[in-house]
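Undergrad: Structure for the following, please:
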Amino acid sequence: MIDLHCHILPGVDDGAKGMQDAILMAQKALEQGIDTIVATPHHLNNHYENPKQTIIDRVIALNNVLQEKKIDLTILHGQETRLYGELVQGFESGDILPIEGSHYLLVEFPSSHVPRYTKQLFYDLQMKGLFPVIVHPERNQEIIEHPEILYQLVSKGALTQVTAASICGDFGKKIKSFSQQLIEANLTHFIASDAHNTSNRTFKLREAYDTIQKKYGNDLVYLFEENAYRLIEGNHVHKEEPERIKRKKFLNLF
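TA: Predicted coordinates for the structure are as follows:
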């Protein structure tokens, strides 16, 4: 099983504080059935700066430690980049890192809103051959209040990734319900942990897939798992036609 979004790199952001924390996270991941993790440290969020080459070097170092410890887990390189106006220029200058040499780029919105330039910026990214993947849209306040915003972005080619813990209800009933609505409306394409530690922000990926299986069946679990494999291989992912979240359903969130 692949986890596309995880803060396992030690000492670079609000994830693993040191190598021992990273090792504990790796062991926890194996217990979940995860064999591959994309390390996605924050970039340009809360003053964290983790440009491309820094991440690549630290991923190599972490993989070496895991091999020495005989922990059978592979770490791939990625980046969780806070959306900013010069993102295309950042990619061209070599600071921005898509996942493991693919054309898929994890992007994060501010928690309270979606920047007004997002639609144009996503168009510019796609013109450069990049596929923006919006992380945890279910926790963005403006998207919760106005899901049409996400529908429009997905309709124009953006992809999204919902957090496993959101599906499990760890962020509250409202976010759990909204996560389910995103799944039902084909407005998300990946499930990932966004794990930061082994306590209050742990993996929950297996639990999330179990929840999806019970509510929607095995086919949807297979789609999400297959999409993760297709992404790291640089292939096109499976996408169903997105649907608008109906007003009646939306009101039931509150």
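Undergrad: how far away is residue 14 from residue 73?
TA: Between residue 14 and residue 73 the computed distance is 21 Å (CB to CB, to the nearest Å). Heads up, the C-betas are built off the backbone N, CA and C, glycines and all.
Undergrad: who's more crowded, those two?
TA: More crowded of residue 14 and residue 73, by other CB atoms under 10 Å: residue 73, with 21 against 14.
Undergrad: Confirm for me that that one is in contact with residue 33.
TA: No. If you go by CB atoms under 8 Å, residue 73 and residue 33 don't touch, sitting 11.2 Å apart.
Undergrad: Counting residues, which helix of the protein comes out longest?
TA: Secondary structure of the chain read by DSSP state H shows that its longest helix is helix 52-68.
Undergrad: now the helices: where do they sit in the stretch 151-254 of the chain?
TA: Secondary structure of the stretch 151-254 of the chain (DSSP state H, counting those that start in this stretch): helices at 164-167, 173-184, 205-216, 218-232, 247-251.
Undergrad: Return the most buried member of these.
TA: helix 164-167 (a mean of 26; mean count of other CB atoms under 10 Å).
Undergrad: which strands and helices sit next to that helix?
TA: When contacts are defined as 3 or more CB pairs under 8 Å, 6 or more residues apart in numbering; DSSP states H and E, helix 164-167 sits against helix 173-184, strand 190-192, helix 205-216.
Undergrad: Which one of those lies nearest to residue 129?
TA: Residue 129 sits nearest to strand 190-192 of all the helices and strands packed on helix 164-167, at 19.3 Å, using CB to CB.
Undergrad: chain center to that closest one, what's the gap?
TA: Strand 190-192 has its C-alpha centroid displaced from the chain centroid by 6 Å (CA atoms, centre = their mean, to the nearest Å).
Undergrad: start the count at 46, not 1, going forward
TA: Got it, first residue is 46 now, which makes that one strand 235-237.
Undergrad: neighbours around the closest residue to residue 234 other than its chain neighbours, how many?
TA: In this structure, residue 234 finds its nearest non-sequential neighbour in residue 204, 4.7 Å apart by CB to CB, 6 or more residues apart in numbering. Residues within reach of residue 204, counting by other CB under 10 Å, total 22.
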